[in-house]
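J.: prediction below, plus the sequence it came from.
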Amino acid sequence: MTINSSHVRVPGIGEISIAPPGTPEPTDPATALPAPWVGLGLSTDDGVTVSRKVEREGTSSWQTLTPARFVYKSLELTVKSTLQETKAEVLSVYFGGMTFAETTQGSKKYRAEISSLPKGDARALCIDWTDQISALEIYHHRLFIGRAEVSETEDAQWTRTQEAQWGLTFSGLAPAGSSTVLAVWLTDDPAVIAAGAAAMSVGPNTSGGKS
């Protein structure tokens with residue numbers, strides 16, 4: 001058996017951040033994201049749901065009931081979350097790029113227009129989460145999607161008994177240029193390395209003593 005309870009991970013805290021498309025991939029999983037990255041802030045305790053869906057269709061043959069191979073139709077990578085902060089960045093992604101501006105200088109009154117003509121609103125996306133098992137055992141995970149866009153929004157209900165919530169789903173878009181990299185996962189968690197690969201990376205014992 002290959003059971004190992006030390007490999008169980010709990011994403012205790014995390015955040016979604018956005019930046020203009022074309023923003024370079026972060027260099028490591030733990031360093032705070034620099035400008036132009038902006039965090040979308042608090043979300044409900046449902047956290048983030050990442051979904052990968054591959055649509056494929058099996059070939060059919062006269063001689064066999066099982067497909068000889070699959071023909072791939074589509075690939076969808078989505079990130080879903082319900083945000084709780086009512087601020088510029090959240091409202092912008094929810095309403096497809098909407099921005100507020102001061103009505104007159106110094107008035108401290110702001111106005112935004114919701115267009116009747118939807119347009120593309122691609123963003124770079126990072127989903128960060130951390131599992132702190134102890135003071136000395138902390139693992140960081142960061143999923144980077146170079147181009148993503150809000151593909152679905154949930155109804156926003158404004159009531160006296162609950163904070164305003166902004167439920168939305170980002171969908172990964174095809175990478176720019178000739179790249180085939182849809183997303184990148186960065187982490188400092190050694191559990192992601194297979195046991196055989198870890199042993200190979202250590203290499204044989206060349207100290208001359210017994211291993």
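T.: Yep, that arrived. Numbers count the residues shown, from 1 in each chain.
J.: okay, CA-based contacts and neighbour counts for the rest of this
T.: Will do.
J.: doesn't Ser6 belong to a strand?
T.: No - going by DSSP: H, G, I helix; E, B strand; the rest coil, the assignment for Ser6 is helix, not a strand.
J.: count the neighbours of it for me.
T.: Neighbours of Ser6 under the rule other C-alpha atoms under 10 Å: 8.
J.: can you check Ile133 too?
T.: 14.
J.: who does the residue nearest to the spatial centre of the chain form a beta bridge with?
T.: Taking C-alpha atoms, centre = their mean, the centroid of the chain lies closest to Ile127, which sits 4.0 Å from it. With DSSP bridges as the criterion, Ile127 is bridged to Ile16, Leu143.
J.: can you check Glu57 too?
T.: Here Glu57, judged by DSSP bridges, has bridge partners Val71.
J.: so how far is Ala174 from it?
T.: 21 Å (C-alpha to C-alpha, to the nearest Å).
J.: just Thr64 next, same as before
T.: Distance from Thr64 to Ala174, by C-alpha to C-alpha: 36 Å.
J.: now do Thr159
T.: 38 Å.
J.: hang on, the earlier thing: so between Thr64 and Ala174, which is more surrounded?
T.: When neighbours are counted by other C-alpha under 10 Å, Ala174 comes out ahead of the other of Thr64 and Ala174, with 18 against 8.
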